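Novice: Whatever this is, show me its structure:
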Amino acid sequence: MTSEASLLPDHLEDERMRDVERLELLDTPREERFDKITRMACRVFGVPMASLSLMDHDRQWFKSILGLELSEVPRERTVCRTTIARAYERPDDLALVLPDAATDPAFMDIPGIGGDGGIRFYAGYPLFGPAGHPVGTFCIYDTEERNLDPDQLDTFAELAEWAQRELDRSDELDRAAEIQKQLLPRPLPDLPGYEIATVCLPAFVVGGDFYDHYRLREGVVISVADVMGKGLGAAILASGVRSSLRGAGRVLDRFGRRPVGVLDTGMALTLGAEHLADDFEHTGTFATSFVAAIEFSTGDVDHADAGHGLAAIRRADGRVEPVEGDGPPLGVFPATTWTSETAHLVPGDMLVVCSDGLLDLLDENSDPAALCRFVADHPTPKALVAAARALTENEPPLDDVTVVAIRRNEVS
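Specialist: Sure, this is the predicted structure:
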């Protein structure tokens, strides 16, 4: 069977729609990277209208549109459904150019074609999804009859290739985001005498923040780090920082000798930084980090700060004490040695570490006192993390937001 709206056999339409869904772009906000392409098309060709759209089951939805006040139109009332079908029928001749759609019997009855101020000229180029099926179109329109000469047709194809690269990048970023999510540590449901809650919300698809936590023989390590920058580059470096810090901690736990406590976090930062030194030098970047190791039986906390400065302890009585540290960020000064400091958690106390994305949401001047007030209002890890999530829902963050909170349970 053939779908009347799509002009495609049902099996092809099903496969095509799976490709549309893989992109996860339908009904997402407008993005400047797509708007740049439609603006450029209008300038280059001197047309008043351009669009970049995805073809859904029953509608054409516009990710970017210039010169028309539309967000979507019914699929059966579009020229672009023909452009989509042609991608299967004529793979070597992808562009559909109509010098005057108002005189073409196949299109003259579509609403918006012809008439006063209606579309006369149409040029459309199919865009493809991850599996190679046509998922949408890049188009230019004019209210006057016109055509494209061979050079203009080549330029139109080049702009369509630009649009295609942006769609491909969306798919790659989605896969990167999924991998980054999978790299976050699994929950730690069985911490004797402790409870923990975490959240990591990238400002973009992927981010440069991360948190980590893992068990030691007699305790647990938590860490938060923030790589300079945002997006995919920062995310790649964040993965390396996480692995290096965790690897250093595991080696010290297995082979190190500690008279007290469970881990020398200053030594863990020092070893991790040495492992990352070439990466930071070659990329010209750095990362801030806070690492803490908590001994289950005593509540003793060994902690080290590499330029992070965003940790606090909420005491059982509601007081909040900043956890100070003065070490430089990782990657700033070669051959730095970090030293650890100590703190102590009694039952009811909670250690909180966050990234500066949370602080930005709490105070427009990024005043650290705002973090202390926020922590004071939320006595449990779950409550604190839920409140951080709520902040990002009310005001989309401009920077990644990460929070780790661990509380020593009160004796029942």
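
Novice: Let me see the contact set for the spatially closest residue to Gly348 that is not a sequence neighbour.
Specialist: Using C-beta to C-beta, 6 or more residues apart in numbering and skipping residues adjacent in sequence, the residue nearest Gly348 is Ala316, 2.7 Å away. For glycine as for every other residue, the C-beta is placed from the backbone atoms N, C-alpha and C. Ala316 is in contact with 346-349, 410, counting by C-beta atoms under 8 Å, 6 or more residues apart in numbering.

Novice: Just give me the neighbour total for Met108.
Specialist: Using other C-beta atoms under 10 Å, Met108 has 12 other residues around it.

Novice: Please identify which helix or strand holds Val291.
Specialist: Following DSSP states H and E, the helix or strand that holds Val291 is strand 287-295.

Novice: orientation of the next helix or strand after that strand relative to strand 287-295 in degrees?
Specialist: Per DSSP H and E, the first helix or strand lying C-terminal to strand 287-295 is strand 300-306. If you take axes from the mean of the first three to the mean of the last three C-alpha atoms, to 10 degrees, strand 300-306 sits at 170 degrees to strand 287-295.

Novice: okay, strand 300-306 in CSV with CA atoms only?
Specialist: Included here for strand 300-306 are C-alpha records, laid out as CSV according to Å, rounded to 0.1, in the frame of the first residue of the first chain:
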residue,chain,number,x,y,z
ASP,A,300,36.4,11.2,58.7
VAL,A,301,36.6,13.1,55.3
ASP,A,302,39.9,13.4,53.5
HIS,A,303,39.5,16.1,50.8
ALA,A,304,41.5,18.0,48.2
ASP,A,305,40.5,21.0,46.0
ALA,A,306,41.9,21.8,42.6
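
Novice: Any of the contacts of Ala316 buried? List them.
Specialist: 348-349 (16 or more other C-beta atoms under 10 Å).

Novice: Who are the contact partners of Asp19?
Specialist: So Asp19 contacts 128-133, 135 (C-beta under 8 Å, 6+ apart).

Novice: Closest one of these to Leu362?
Specialist: Pro130 (38.9 Å; C-beta to C-beta).

Novice: Could you report the neighbour count for that closest one?
Specialist: Considering only other C-beta under 10 Å, Pro130 is surrounded by 17 other residues.

Novice: if I read this right, it contacts Leu23, doesn't it?
Specialist: Yes: counting by C-beta atoms under 8 Å, Leu23 is a contact partner of Pro130 at 7.3 Å.

Novice: mind putting the contacts of Ala316 in a markdown table, pLDDT, distance to Val73 and secondary structure included?
Specialist: Below are the contacts of Ala316 laid out as a markdown table (pLDDT from 0 to 100; distance: C-beta to C-beta, whole Å; DSSP: H, G, I helix; E, B strand; the rest coil):
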| residue | pLDDT | distance to Val73 | secondary structure |
| --- | --- | --- | --- |
| Val346 | 97 | 64 | coil |
| Pro347 | 97 | 62 | coil |
| Gly348 | 96 | 59 | coil |
| Asp349 | 97 | 59 | coil |
| Glu410 | 82 | 60 | coil |
